[in-house]
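>>> next one to model:
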Amino acid sequence: MPRKILHAILTFAFTLAALAAFAPLRAATDWLPVTDEDRAATASTIEPGAGAEILYRLKQIDDSQYQSPVTDEYMRVKVYNQTGVQSLAKIDIPYDQNTEQIKSIAARVIKPDGQIIDVERKAFYDREVVKSGDLRLHVRSFSFPALEPGCIVEYKWTTTADTNIFARRIDFASDMPTRRVVSMIKPLPIPDYSTNVYFNQCGDIKPSRDTDGFNTYEMRNVPPVVDEPYMPPSNDTCPWMAFYPLKHTGSDDFWADYAADISGPLEKRLRKTSKDILDTAARITRPATTDEQRLALLCDYCRASILNFDFILPQGGLDPKLRAKQNRSPDEIIKTKLASKTDMQAVFLALARAAGFNARAAFCADRGVGLFRRKLYYAGFLPDPLVAVKLGDTWKYYDPAHCLVQSGKLRWQNAQSTVLILQPKGIEWAITPAPTPEDSLIKRTGAFRLNDEGTLLGDVRIDYTGIAETDAREEFYQQTQQKIEKIILDRVQSRLPNAEVSDISAINADDPLKPFSLTYSVKIPGYADNTGQRFFLQPAFFEKGMGAMFTAETRANNISFHYPINEKDDLTITIPPWMKIEEGSAPQDFGNADWGKFLVKLSFRKKDATLLYSRELVFSMTDISAKGYLPLKNIFNKIHQSDEHTLTLHAGATDNTFEEKK
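Next up, the predicted model:
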């Protein structure tokens, strides 16, 4: 689940639809007839080998009454084999306890011989799965009795809410192949608005209108969602539709209208530059000698001196009157040192303009959610306020709202993303710069010693740079020492279960103006495998216990990395003086290539019996098509094989036969 929930009047509910359908229904009240074709089916024609298949699925949303929407859902599934039985072992139906209620629910199993077994009422139970701020996400759970291959299972439920839906995304794909899926929508009539519908990868979807005012959308033979590592967001990979209200303005340019609605109030609050703002900008920028240094200092001031209460609440809570207050002046924001994310944008604009810069408000798409779709007329897809400053002929982007982002840098979610820049007369579309390897350097160092029992002991330090630093620091920001220790311990033990970790520190985790690093000490019994007189030692400490990145033979989805991989490791491992390297050579590297480089150096310093290991991996590509999967897999398999390289150490050997790599 996301760490923050964006509240707005018209909010898309991007939730997985575990839905149901046989045919367009007025309400999912009666069980539908089971056809001979359903009973006879022995395998999916959509996805051969699938354990189960959705035969029919319906989601019917009646939002036509004020503050009393009703959603009826119906699911029918055919179970083909034991894998399908296991996948249906427990059914979870999510709902928000604060705003929704499951009013009715029923489920049953139809055995291959036609026997029907109803799920008993006492078998349904609730449990809380997410508790974040005001959000309380529960699930209604149950299990099917006597489930076996050949069964048909079906369940239906009705959900009511106390707030209108207005807008929603509806998924047509599931984790199972789907023969037929139907969505029915009856929106709330809003004066001067109409319901707009957007389709994503829906192919030949069949829309129609029911006589009772429902808009009906149907898809057939929908392949299952394939969950793969490093895949793009589901917005970019799955078929879905979104419906939302669109105001009648008489204009055919939604985004220009949207920009005008924002620009007027924003420019009004920035119209007068007070003496305090001028003095503050001059004081902050006084040490700088270049324009970029001056802008960085202004952004640093906003990040360090003003708390964005949309990101984190102040101690003691926030006065509701302050949160509700709109269009506060930059002077007031600086005085209170509290701001919303758009307030942060406004105060940086005021300071930058006071310092003489051509600074403009900008709104950026979130690449972590998916690609920006300009024909989806919904402002929520430009969620992040930035400031664009014209330096020469180039826009430079600043993010004062996210305090963990280095000034002049962007989060990976906003890198190489669509951005809308507000101009005095109109708008300008642009794309933010792509992240570079220099923006994502992770430097890992370790000084270790191996004892005569094969235990590795030592100290570790990990330094982060740029976009990688922002990404890493976010997990540790304003965490207790106990929580920090748990995060690090879990990380290390996930690949080295015997590891003992101590002296853990997250350096400057709460000071975004200083470099962020992690340090800890480790003791790992059995790090070097022991077979009597011989020990087998893997020098690549940070990769030990890591599985291959890509293992599947084929790939359905494109590959997407958040930012380029840039890792530099420098390790020393001191071995007991009586232990000699019986067999040894340097692991393979790949020099330089179009995608980057993988360089390894391994040597032995005889005077203090110390192995010196360095590793440098730069993979500069972030988006690779599924067609390029096999070459990509080969690259990372070679890297993985090199990382698993081991040396054979012999107790009491008389000579060192290690081949040193130059």
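
>>> give me the longest helix you can find in this protein.
The residue-count maximum for a helix in the chain (DSSP state H) belongs to helix 254-270.

>>> show me what it is packed against.
Here helix 254-270 touches helix 341-354, strand 359-364, strand 418-423, strand 426-431, going by 3 or more CB pairs under 8 Å, 6 or more residues apart in numbering; DSSP states H and E. Where you see a C-beta, it was placed from the backbone N, CA and C, and this is true even at glycine.

>>> can you put these in CSV and add mean neighbour count?
Formatted as CSV, those follow (neighbours: other CB atoms under 10 Å):
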stretch, mean neighbour count
helix 341-354, 25
strand 359-364, 24
strand 418-423, 20
strand 426-431, 14
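
>>> any chance of those in a markdown table, with mean pLDDT and distance to residue 379 too?
Output for those, formatted as a markdown table (pLDDT from 0 to 100; distance: least, CB to CB, whole Å):
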| stretch | mean pLDDT | distance to residue 379 |
| --- | --- | --- |
| helix 341-354 | 96 | 12 |
| strand 359-364 | 97 | 8 |
| strand 418-423 | 97 | 10 |
| strand 426-431 | 95 | 13 |
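
>>> follow-up on the earlier one: contacts for the longest helix of the chain, please.
246, 249, 251, 326-330, 346, 349-350, 353, 361, 363, 374, 377, 379, 420, 422, 426-427 (CB atoms under 8 Å, 6 or more residues apart in numbering).

>>> do the same with stretch 626-639
Under CB under 8 Å, 6+ apart, the answer for stretch 626-639 is 548-550, 554-559, 588, 590, 595, 598, 617, 619, 624.

>>> which among those gets closest to residue 443?
If you rank these by distance to residue 443 using CB to CB, residue 617 comes first, at 11.9 Å.

>>> in its sheet, what does the helix or strand that closest one falls within sit against?
Secondary structure assignment for residue 617, by DSSP states H and E: strand 610-619. According to DSSP bridges, strand 610-619 has the following sheet partners: strand 565-574 (antiparallel), strand 596-605 (antiparallel).

>>> distance between the next helix-or-strand element following it and the chain's centre?
Scanning forward in sequence from strand 610-619 by DSSP H and E, the next helix or strand is strand 623-624. Centre-to-centre, strand 623-624 and its host chain are 17 Å apart (CA atoms, centre = their mean, to the nearest Å).

>>> list of residues touching strand 623-624?
558, 559, 560, 561, 632.

>>> contacting residues for the third one?
In other words, residue 560. Counting by CB under 8 Å, 6+ apart, residue 560 touches 230, 231, 232, 622, 623, 624.

>>> same thing but at 10 Å, please
Taking CB atoms under 10 Å, 6 or more residues apart in numbering, we find residue 560 in contact with 230, 231, 232, 233, 236, 237, 367, 622, 623, 624.

>>> selecting buried members of those residues in PyMOL, what would you type?
In PyMOL, this line selects whichever of these come out buried by 16 or more other CB atoms under 10 Å:
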select buried, resi 231+232+236+237+367+622+624
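
>>> which one of the contacts of residue 560 is nearest residue 284?
Of these, the one sitting nearest to residue 284 (CB to CB) turns out to be residue 367, at 30.9 Å.

>>> now the helices and strands packed on helix 254-270 as a markdown table including distance to residue 286?
Shown next, in a markdown table, are the helices and strands packed on helix 254-270 (distance: least, CB to CB, whole Å):
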| stretch | distance to residue 286 |
| --- | --- |
| helix 341-354 | 13 |
| strand 359-364 | 19 |
| strand 418-423 | 29 |
| strand 426-431 | 31 |
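
>>> show me where the stretch 401-550 of the chain has strands.
With strands called from DSSP state E, counting those that start in this stretch, the stretch 401-550 of the chain shows them at 418-423, 426-431, 441-450, 456-464, 500-507, 517-524, 529-531, 534-537.

>>> out of those strands, name the one with the poorest average pLDDT.
In terms of average pLDDT, strand 529-531 trails the rest of the strands of the stretch 401-550 of the chain, at a mean of 88.

>>> which of the contacts of residue 560 sits closest to residue 31?
residue 237 (33.6 Å).

>>> what about the spatially closest residue to the closest one that is not a sequence neighbour, which SS state?
Leaving aside its chain neighbours, residue 237 sits nearest to residue 557 (5.3 Å; criterion: CB to CB, 6 or more residues apart in numbering). Under DSSP: H, G, I helix; E, B strand; the rest coil, residue 557 falls in the coil class.

>>> tell me who's in contact with residue 557.
Applying CB under 10 Å, 6+ apart, one finds that residue 557 lies in contact with 225-232, 234, 236-238, 625-626, 629.

>>> tell me the spacing between it and residue 381.
21 Å (CB to CB, to the nearest Å).

>>> for stretch 230-249, buried residues please.
231-232, 234-246.

>>> just how off-centre is that stretch within its chain?
Offset of stretch 230-249 from its chain centre (CA atoms, centre = their mean): 16 Å.

>>> buried subset of the contacts of stretch 626-639?
Among those, those classed as buried by 16+ other CB under 10 Å are 549, 550, 555, 557, 558, 559, 590, 595, 598, 617, 619, 624.

>>> re the thing from before, let's see the helix or strand following the longest helix of the chain as CSV, backbone CA atoms only.
Remark: after helix 254-270, the chain's next helix or strand is helix 275-285, criterion DSSP H and E. In CSV, the C-alpha atoms belonging to helix 275-285 read as follows (Å, rounded to 0.1, in the frame of the first residue of the first chain):
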residue,chain,number,x,y,z
LYS,A,275,10.5,43.6,1.8
ASP,A,276,10.8,40.6,4.1
ILE,A,277,10.7,38.2,1.1
LEU,A,278,13.3,40.3,-0.7
ASP,A,279,15.6,40.5,2.3
THR,A,280,15.2,36.7,3.0
ALA,A,281,16.1,35.8,-0.6
ALA,A,282,19.1,38.1,-0.5
ARG,A,283,20.3,36.7,2.8
ILE,A,284,20.0,33.1,1.8
THR,A,285,21.7,33.5,-1.6
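
>>> report the buried residues of the next helix-or-strand element following helix 275-285.
Remark: after helix 275-285, the chain's next helix or strand is helix 291-305, criterion DSSP H and E. Buried residues in helix 291-305, counted by 16+ other CB under 10 Å: 291, 294, 295, 296, 297, 298, 299, 300, 301, 302, 303.

>>> one more: stretch 629-643?
With burial defined by 16+ other CB under 10 Å, the residues of stretch 629-643 counted as buried are 629, 632, 633, 635, 636, 639, 640, 642, 643.
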